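In: quick one, structure for this:
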Amino acid sequence: MAKSVDKPVQVTCPCCHAKLTIDAALSVVLSHEEPPKKGPDVDLTDAQKILAEQQRQREDKFRDSWFEESHKEDILAKKFEEAMKKAKDAPAEKPIRDFDLD
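Out: Okay, the predicted model is just below:
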């Protein structure tokens, strides 16, 4: 019985447009070539606006983190109070032991 020598099939993925080389006889993918990635669609005339927006976002994040750090004790105290309220309202459940999980 002679083996038929089939050439690999070249296929383009309809979703990501990658190029696949498939061996039909073995039903396996022999190689995968990703499509070339597109660069960012940015107009350089808008660069000043983009940089200003990024600066504003950085300042907002810094301001938020500064507020959280300066009020950390109050925030943690309130979170603890809420957790205690939930713990009091929730029924007591039997704890799960490691032995029960086997």
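In: how about the nearest residue to the residue nearest the centre of the chain, chain neighbours excluded?
Out: With distances taken as Cα atoms, centre = their mean, the chain has Cys16 as the residue nearest its mean C-alpha position (18.2 Å). Once flanking residues are discounted, Cys16 sits nearest to Pro35: 6.5 Å by Cβ to Cβ, 6 or more residues apart in numbering. Using the backbone N, CA and C atoms, a C-beta is placed for each residue, glycine as well.
In: tell me the SS of that neighbour?
Out: Using DSSP: H, G, I helix; E, B strand; the rest coil, the structure places Pro35 in coil.
In: and the residue nearest to the centre of the chain, helix, strand or coil?
Out: coil.
In: do the same with Leu30
Out: strand.
In: low-scoring stretches of the protein, by residue?
Out: Applying pLDDT under 70 to the chain flags residues 1-5, 102.
In: go again using 80 as the cut-off
Out: 1-6, 39-43, 91-96, 98-102 (pLDDT under 80).
In: what segments of it are strands?
Out: Ranges of strands in the chain, per DSSP state E, are 9-12, 19-23, 28-33.
In: now the longest one against strand 19-23, angle please.
Out: Looking back up the chat, that one is strand 28-33. Compare the direction of strand 28-33 with that of strand 19-23 by axes from the mean of the first three to the mean of the last three Cα atoms, to 10 degrees and you get 160 degrees.
In: okay, the strands of the chain, which one's buried deepest?
Out: strand 19-23 (a mean of 14; mean count of other Cβ atoms under 10 Å).
In: and it, how far from the chain's centre?
Out: Here the centre of strand 19-23 is set off from its chain's centre by 28 Å, with Cα atoms, centre = their mean, to the nearest Å.
In: can you list the neighbours in contact with it?
Out: With contact meaning Cβ atoms under 8 Å, 6 or more residues apart in numbering, strand 19-23 is reached by 6, 8-13, 28-33, 35.
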